[in-house]
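1. the following block contains a protein sequence and its predicted model.
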Amino acid sequence: MVLAESDFRAALLAKLVEEDQELQAARADELLTVLANVMEVFDTMPQVHKRSSSSVRPVVT
């Protein structure tokens, strides 16, 4: 199933909230897996907004 762009954006934000909750509850042995999931969401976000990851990185302070 392919989601419409707006639905995909909403699902991605919901996934970020889910990962945040998991990160807060993660034990030490789960931390890397949850952080990897967060990074995957972060890496996908620019694409959803028609940007590249490389265009976002210089803005990070």
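-> Structure received.
2. how much space separates the residue nearest the centre of the chain from Ala10?
-> Per CA atoms, centre = their mean, the C-alpha nearest to the average position across the chain is that of Val41, at 1.8 Å. Note on Val41: its distance to Ala10, by CB to CB, to the nearest Å, is 13 Å. C-beta coordinates here come from the backbone N, C-alpha and C atoms, glycine included.
3. hang on, the earlier thing: mind checking pLDDT for the residue nearest to the centre of the chain?
-> What the model reports for Val41 is a pLDDT of 94.
4. and Leu16, by the same measure?
-> pLDDT, Leu16: 95.
5. give the contact list for it.
-> Val38, Val41 (CB atoms under 8 Å, 6 or more residues apart in numbering).
6. quick check on it: phi, psi?
-> phi -60, psi -40 (degrees, to the nearest 10).
7. got it, and Ala26?
-> Main-chain torsions, Ala26, degrees, to the nearest 10: phi -70, psi 140.
8. report how many residues lie close to it.
-> 15 (other CB atoms under 10 Å).
9. wait, it sits on Val34?
-> Yes - using CB atoms under 8 Å, Ala26 is in contact with Val34, at 4.8 Å.
10. can you list contacts of the helix or strand bottoming out on mean pLDDT in the chain?
-> Least confident helix or strand, the chain: helix 53-56 with a mean of 83, by mean pLDDT, DSSP states H and E. Helix 53-56 has contacts (CB under 8 Å, 6+ apart) with Asp43, Pro46, Gln47.
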